[in-house]
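>>> structure, please.
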Amino acid sequence: MNRNAFRDFLRRRRVARHFARYGDVFDFHGVAVRLPPDVDVAAANALIRGKYEQEEATLISNHLPDNIPVIELGGSLGVVSALIRSKLRPDARHVIVEANPKLIGICKTNAQVGMGGGWTEIVHGAVFYDGPVARFGIANEVHASAIGPAASGETIEVPAVKLAELYRQLGSPESFVLVSDVEGAEYDLFAHETETLRHVELAIVELHPRSYAAQGRSEADLLRNAAAAGLQVAERLSDVVLLRRA
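Here you go, the predicted structure:
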């Protein structure tokens, strides 16, 4: 058995044992979330080992205000959504965007954890600026899905969503928090949404430099676009940055 096969065997065994002992409940920074039995093993294993979206979760736990509405891009399984919601007051609004229709149900289930009557809404769509619909590739691993044709798996069309539209849906507040993990689509968001981004008080964004490089773009260009909207890097953990209003 080669190294990768042995690693995958250990992951599957660890996840199977968890489901046998604890059912579909997993702990994420003190928040109980649920995963379906057929979930991507890599995601479940990362949750068990405390490595699931570790940098993003750390920045959310340390810096997310409890009284400012949140727009979250890339809800996925709703695990990070649950953490965000647990930090917010019930009257703080929370809009989540997820492109994969197969994940909407579990995203909603987890996003409602600890809501306490709070206002949370799930939007099916993908951040995209080149037309009314986006081609979205659903990969075998949950967090490998992205805009563009799937290398392996299914390619679907989903409604295009723009940050300005989400901001209006949120009620056009004086300020909001942006949390984004959209596998490279954040580049176009920062290129097109300067005016809307002027209302961002704080942003937690996972960057994807390899994706930018493949398109002849750069992380430096994205951060310059952020600076044009008045947002500067205040902290960085690996490829996850905390941007604050200058």
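>>> okay, strands next: where are they in this structure?
25-28, 31-34, 70-73, 94-98, 120-124, 126-127, 133-138, 146-147, 154-161, 176-180, 200-206, 231-237, 240-245 (DSSP state E).
>>> now for the longest one, which elements pack on it?
Where contact means 3 or more Cβ pairs under 8 Å, 6 or more residues apart in numbering; DSSP states H and E, strand 154-161 is packed against strand 120-124, strand 126-127, strand 133-138. Bear in mind the C-beta positions are built from the backbone N, C-alpha and C, glycine included.
>>> right, and the ones you listed - which one's nearest Ala20?
strand 133-138 (28.3 Å; Cβ to Cβ).
>>> other SSEs contacting the closest one?
Counting by 3+ Cβ pairs under 8 Å, 6+ apart, strand 133-138 packs on strand 146-147, strand 154-161.
>>> okay, now the sheet partners of the shortest one, with direction.
To tie it back to what came earlier, the one meant is strand 146-147. Strand pairing for strand 146-147, determined by DSSP bridges: strand 133-138 (antiparallel).
>>> ok, residues contacting the strand it pairs with?
Outside strand 133-138, the residues within contact range by Cβ atoms under 8 Å, 6 or more residues apart in numbering are 99-100, 102, 125-126, 128, 145-151, 153-160.
>>> Ser211: neighbouring residues, count only.
The number of residues packed near Ser211 is 18, by other Cβ atoms under 10 Å.
>>> and if you look at Val205?
The burial count for Val205: 26, using other Cβ under 10 Å.
>>> show me the contacts for it.
178-181, 186, 240-241, 243.
>>> of the contacts of strand 133-138, keep whichever come out buried.
Buried members of the contacts of strand 133-138, scored by 16 or more other Cβ atoms under 10 Å, are 99-100, 125-126, 128, 145-147, 150, 156, 158, 160.
>>> tabulate those residues (CSV), appending distance to Asp66.
Output for the buried ones among the contacts of strand 133-138, formatted as CSV (distance: Cβ to Cβ, whole Å):
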residue, distance to Asp66
Ala99, 28
Asn100, 29
Gly125, 27
Ala126, 29
Phe128, 31
Ser145, 30
Ala146, 31
Ile147, 32
Ala150, 38
Ile156, 36
Val158, 31
Ala160, 31
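>>> just these now: which is nearest Pro37?
For these, the nearest to Pro37 is Asn100 (17.8 Å; Cβ to Cβ).
>>> show me this protein divided up by domain.
1-50, 53-245 (automatic domain parsing).
>>> gap between the longest helix that the chain contains and the chain center?
Secondary structure assigned by DSSP state H gives helix 3-22 as the longest helix of the chain. From the chain centre to the centre of helix 3-22 is a distance of 25 Å (Cα atoms, centre = their mean, to the nearest Å).
>>> confidence-wise, which of the strands of the chain is weakest overall?
Lowest mean pLDDT within the strands of the chain: strand 146-147, at a mean of 90.
>>> contacting residues around Glu195?
Applying Cβ under 8 Å, 6+ apart to Glu195 gives the contacts 164, 229.
>>> now it: how far from Lys162?
11 Å (Cβ to Cβ, to the nearest Å).
>>> what does Ala214 give?
23 Å.
>>> looking at those two, which is more packed in?
The neighbour comparison of Ala214 against Lys162 (other Cβ under 10 Å) goes to Lys162, with 17 against 10.
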